[in-house]
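1. Structure of the sequence below:
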Amino acid sequence: MREGRGLNSDDSGWTDVPYCAVENIKRLSPESHSLFTIHHSPKQQPINHNHNHNHHVLTNIMSSYGAETTSDQVAADLKDQIQGKTILITGVSPGGLGAAAALSIAASSPALIILAGRSESKLAATAATIAAAHPDTPTRTLILDLGSLASVRAAAATVNTWPERIDVLLNNAGIMAQPFALTPEGFESQFGTNHIGHFVFTNLILSKVTRVVNVSSDGHQLSDIHYDDPNFTATPDAYNPWIAYGQAKTANILFAVALAARGVQAYALHPGVIMTNLVAHMGAEETAGLIASIEARGRALKTLQQGAATHVYASFCDEAQVPSGSYLADCRVAEVSKKGPNANFGEDPDGTEEKRMLLRAYAADKENAERLWKLSEELVGEKFEVARK
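-> Take a look at the predicted model:
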C-alpha cells in the first residue's frame, strides 16, 4: 500500500472545471472533457409574494432559470422560503461557491447562517463579509475538517449542543483531483473528504436537519463507485486523480438518493464551470490548458454568483415541485442518461447529452445508493438508522 502524501483539503466552494480523466492531465483536447453550455435567461426581478397568485408567478419565474441565473436572483425570488431559516454551509472560503451562496442567502433575512470549515481565519473573513453587507444577519462559525473523522465527530458533537434546528445543511466543501493521499483513517483523500466526511457529519446531526443538499458535479460521469478498491490502493498504479474525483462526486449524488429513500429532503447538484482556488494545486500550464479547452468549444465560464445559483435553489426549492433525491443543474432537474462512465467525454459527437448535463444512470440507481450506504457504514465502523417516512 502506498503512503499518503499529505492531505490538502480546500474549503472553497465546489467549483467545476472541464474534466479529463487521463493519465496525463496536460493532454487536453476539446473532445476530452465535459463543458457547460450557457443558456441565455432573461433578467428577472424579485417577485411580490403578497398576492394570491404568487405560487403561479414563482413557478413561471423559476421555469426560466438557466446558466446565467445568479444566486442573488434566486435568493430574492425565494425570500419567503429563506426568511427565518437556519442554514449550515460547509466550505466557505472567500472566493468560493459556499461563500457566494452564503452571501446571497444573507440578503433574505435568514435566522442564522452557520459557516463551517477548517480555517478559522477564512471563516472569520467570510463572516466579516456577510456582516458588512448584511449586518442584521447573524452568523456562527464551526471548525470542521472533513478529511479527519475525529474533527468531523467533534464538530457534530458541537452542533448537537446548539438549540437551533438546521433547516438546510449545504454540503459544499471538498477537494478535486489531488495527488494521491490518504486521510488519517486511511481513506483515499477525495473519497474520504468529499463523501465519507460529509456522510458521517450529516448522519451525526441528521436528527436536527430538515433538508440536505450535496454539491456534486458532472464529473460524476467519470466513474461509478469502485467497490472492490474505493481507496485505489490495490496496485501501485491504481490511482487516477480524475477517476477518484468522479467516484467521489458519484458518491455525493448517491448519498442524496439514499437519504431521499429514507424520507429526508435531499438533493444533489452540479454548479457549472467556475474557476476558483479549487484548482490552486494545478500548475500554470495545466490551468491554461483547461481554460483553452473551454474556449476551443466556444463555451463560457460561470461567475461565482451564477455557479452558486443552484446551491440556493436546491436549498429552498419547493419539494412538491422538485422531488427529493433529484440532481439539479442550472436550477433544473437533470435527465437520466443511459450511458455508463465516460473517462474521455467523447462518446457524444453532437454534444446533446453534454448540453443537458445528464445524470448517469448508476448515480441515480437506488440499489447502488444502498450499496454505497452499507459500504460507507462498514468503512467508518458505525451504522446509521434513518427513518422519516
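2. C-alpha only now, for contacts and for neighbours.
-> OK.
3. Just list the residues touching Pro230, thanks.
-> Taking CA atoms under 8 Å, 6 or more residues apart in numbering, we find Pro230 in contact with Glu188, Phe191.
4. Tell me if it really is in a helix.
-> No. Looking at Pro230 with DSSP: H, G, I helix; E, B strand; the rest coil, it is coil, so not inside a helix.
5. how near is it to Pro236?
-> Per CA to CA, to the nearest Å, Pro230 is found 14 Å from Pro236.
6. Tell me where the stretch 151-300 of the chain has helices.
-> Here the stretch 151-300 of the chain has its helices, by DSSP state H, counting those that start in this stretch, at 189-190, 197-205, 241-261, 284-296.
7. likewise the stretch 1-150 of the chain?
-> Taking DSSP H, counting those that start in this stretch as the criterion, the stretch 1-150 of the chain carries its helices at 54-63, 71-77, 79-82, 97-106, 120-133, 149-159.
8. how far away is Ala268 from Gly186?
-> The separation that Ala268 has from Gly186, given CA to CA, amounts to 26 Å.
9. Those two: who's more crowded?
-> Ala268 (32 against 14; other CA atoms under 10 Å).
10. Was I right to think that one contacts Pro323?
-> No. Look at Ala268 against Pro323 with CA atoms under 8 Å: they stay out of range, at 11.4 Å.
11. per-residue pLDDT, Leu28?
-> Looking at Leu28, its pLDDT stands at 30.
12. what do you get for Ala127?
-> 98.
13. And for Ala266?
-> Model confidence at Ala266 (pLDDT) stands at 98.
14. That one and Leu206 touch, don't they?
-> No. In this structure Ala266 lies outside contact range of Leu206 using CA under 8 Å: 11.5 Å.
15. So between these two, which is more surrounded?
-> Taking neighbours as other CA under 10 Å, Ala266 and Leu206 compare with Ala266 leading, 30 against 19.
16. List the residues that contact the more buried one.
-> Contacts of Ala266 by CA under 8 Å, 6+ apart are Arg211, Val212, Val213, Asn214, Ala256, Val257, Leu259, Ala260, Ser324, Gly325, Ser326.
17. For it, list each beta-bridge partner.
-> Ala266 has these beta-bridge partners by DSSP bridges: Val212.
18. follow-up on the earlier one: for Met176, state which of the contacts of Ala266 is nearest.
-> Among these, Asn214 lies closest to Met176 (CA to CA), at 15.1 Å.
19. right, and that closest one touches Gly174 too?
-> No. Asn214 is beyond contact range of Gly174, at 10.7 Å (criterion: CA under 8 Å).
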